[in-house]
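K.L.:
Here is my input; please provide its structure:
(one chain, ligands or ions: 1)
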Amino acid sequence: MLRKKILAVGAAAMLAMGLAACGNSDTGDKAADDGKIVLGFSQVGAESGWRTANTISIKESATKAGIELKFDDAQQKQENQIKAIRNFIQQKVDVIAFSPVVESGWDTVLKEAKDAKIPVILTDRAVDSQDTSLYKTFIGSDFVKEGKLAGEWLVKETAAATGPVNIVELQGTTGSAPANDRKKGFADAIAGSPNLKVIASQTGDFTRAGGKAVMEQFLKANPKIDVLFAHNDDMGLGALEAITAAGKVPGKDIKIITIDAVKDGMQALADGKFNFIAECSPLLGPQLMDLVKRVKAGETIPTRILTEEGTFTPEQAKAALPTRAY
Ligand code: GZL
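P.N.:
Numbering: from 1, shown residues only. Prediction:
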């Protein structure tokens with residue numbers, strides 16, 4: 001009799017556990033099936049060294065965190081990111097995260113995610129949605145500050161200059177948060193120095209090829225260029241080829257300021273071809289996975305998480321390079 005009772009209790013307990021486990025699957029919650037949290041991530045593309053390092057950080061961190069990652073590369077096209085987010089909704093992932101290639105045009109698809117009760121985390125780049133209930137948080141850099149640091153360095157560097165200092169600017173992807181904000185931060189920082197003039201400003205789309213092509217045009221159209229401000233290292237590295245081909249010495253004839261501080265940019269800085277870099281860290285993976293787990297657990301998280309960054313001179317780049325993580 002006693003044995004029958006133990007079996008009955010055991011069976012009831014098994015049934016109760018089984019129901020509890022399946023209870024979540026009624027909501028189509030992927031995590032209930034195998035206990036793993038499923039994260040859908042839509043990446044901008046693979047346009048720069050920064051992006052490559054960012055993708056590595058996300059993939060490695062998901063593995064370390066035991067999170068199942070569904071990763072999509074949008075090849076810098078917003079329509080591909082919208083398609084990927086809709087696929088993630090169809091697949092009933094637990095959390096969606098993405099780096100929006102541009103700031104506008106996200107409200108409709110983010111509303112679809114909200115209606116499907118799938119929380120969204122913005123990483124790296126922000127959106128201009130007025131409805132902040134459409135995403136849980138934004139984790140990434142302060143791009144206005146990065147542009148400001150670049151401009152402040154130039155103001156100090158040219159304090160003794162008496163004549164005009166002609167600046168050309170390679171902007172990031174048109175409509176993207178980093179391009180809009182870096183441009184604003186830089187312009188605000190040099191506004192008090194009337195001899196500092198941006199004589200040409202055009203997008204190089206954050207790529208080396210774009211930076212080279214646009215710098216070639218700048219050099220043809222402007223006989224006197226004193227400074228290049230590039231919104232990322234990769235466009236600056238592309239511009240180096242154009243500057244050298246035009247018979248000018250980068251870092252001397254034309255001072256070069258960039259943003260990111262990826263390895264190749266830091267090497268150019270250490271070699272004296274760049275003059276100053278404001279850092280923008282791509283290593284967002286660990287913080288993102290922590291946020292995914294907290295959002296999944298229903299925790300309230302801060303609506304804005306800033307990443308810590310610095311700036312580099314050639315000497316600082318030489319010292320940092322040997323241990324540079326990206
Ligand atoms: C900035 C990131 C930018 C980098 C570029 O957080 O979105 O995109 O500065 C990258 O190198 O292409």
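K.L.:
what bits of the stretch 1-150 of the chain have low per-residue confidence?
P.N.:
Applying pLDDT under 70 to the stretch 1-150 of the chain flags the ranges 1-34.
K.L.:
what are the ranges of the helices in it?
P.N.:
With DSSP state H, counting those that start in this stretch as the criterion, the stretch 1-150 of the chain has helices at 2-25, 30-34, 49-65, 78-90, 107-115, 143-157.
K.L.:
and if you look at the stretch 201-326 of the chain?
P.N.:
208-221, 233-245, 263-270, 285-296, 314-320.
K.L.:
So which bits of the stretch 151-300 of the chain are right by the ligand?
P.N.:
Pro178, Phe206, Asn232, Asp234, Ile259, Asp260, Cys280 (C-beta under 6 Å from any ligand atom). For glycine as for every other residue, the C-beta is placed from the backbone atoms N, C-alpha and C.
K.L.:
is it true that the third one touches Thr173?
P.N.:
No. Under the criterion of C-beta atoms under 8 Å, Asn232 is not in contact with Thr173, lying 9.7 Å apart.
K.L.:
that older thread, mind checking which of the helices of the stretch 201-326 of the chain is nearest Ile96?
P.N.:
Closest to Ile96 of the helices of the stretch 201-326 of the chain is helix 285-296 (C-beta to C-beta; 9.8 Å).
K.L.:
Run through who's touching the closest one.
P.N.:
Applying C-beta atoms under 8 Å, 6 or more residues apart in numbering, the contact partners of helix 285-296 are 31, 37, 39, 54, 56-62, 64-65, 67, 94-95, 97, 119, 121, 123, 136-137, 139, 301, 305, 307.
K.L.:
What residues sit buried inside that helix?
P.N.:
Residues of helix 285-296 classed as buried: Gly285, Gln287, Leu288, Met289, Leu291, Val292, Lys293, Val295, Lys296 (neighbour count, 16 or more other C-beta atoms under 10 Å).
K.L.:
of those residues, closest to Leu196?
P.N.:
Nearest member of the buried residues of helix 285-296 to Leu196, counting by C-beta to C-beta, is Gln287, at 35.9 Å.
K.L.:
Distance of Phe138 relative to Leu122?
P.N.:
4 Å (C-beta to C-beta, to the nearest Å).
K.L.:
Looking at these two, which one has more neighbours?
P.N.:
Set side by side, Phe138 and Leu122 show unequal neighbour counts under other C-beta atoms under 10 Å, the larger going to Leu122 at 25 against 20.
K.L.:
surely the more buried one meets Gly140?
P.N.:
Yes. Leu122 sits in contact with Gly140 when judged by C-beta under 8 Å, with a separation of 7.4 Å.
K.L.:
So which bits of the stretch 1-150 of the chain are right by the ligand?
P.N.:
Glu47, Ser48, Trp50, Arg51, Asp124, Arg125, Gly140, Ser141.
K.L.:
who are the neighbours in contact with the first one?
P.N.:
Right, Glu47. Contacts of Glu47 (C-beta under 8 Å, 6+ apart): Gln76, Thr173, Asp205, Phe206, Thr207, Asp234.
K.L.:
one more time with 10 Å, if that's ok
P.N.:
75-76, 101, 172-173, 205-210, 232, 234 (C-beta atoms under 10 Å, 6 or more residues apart in numbering).
K.L.:
How about the second one?
P.N.:
The contact partners of Ser48, by C-beta under 10 Å, 6+ apart, come to 54, 172, 205-208, 210-211, 232-235, 237, 260, 262, 264-265, 282.
K.L.:
how close does the residue lying closest to it once chain neighbours are set aside sit to Glu308?
P.N.:
Excluding its sequence neighbours, the residue lying closest to Ser48 (C-beta to C-beta, 6 or more residues apart in numbering) is Asp234, at 4.1 Å. From Asp234 across to Glu308, the span is 22 Å (C-beta to C-beta).
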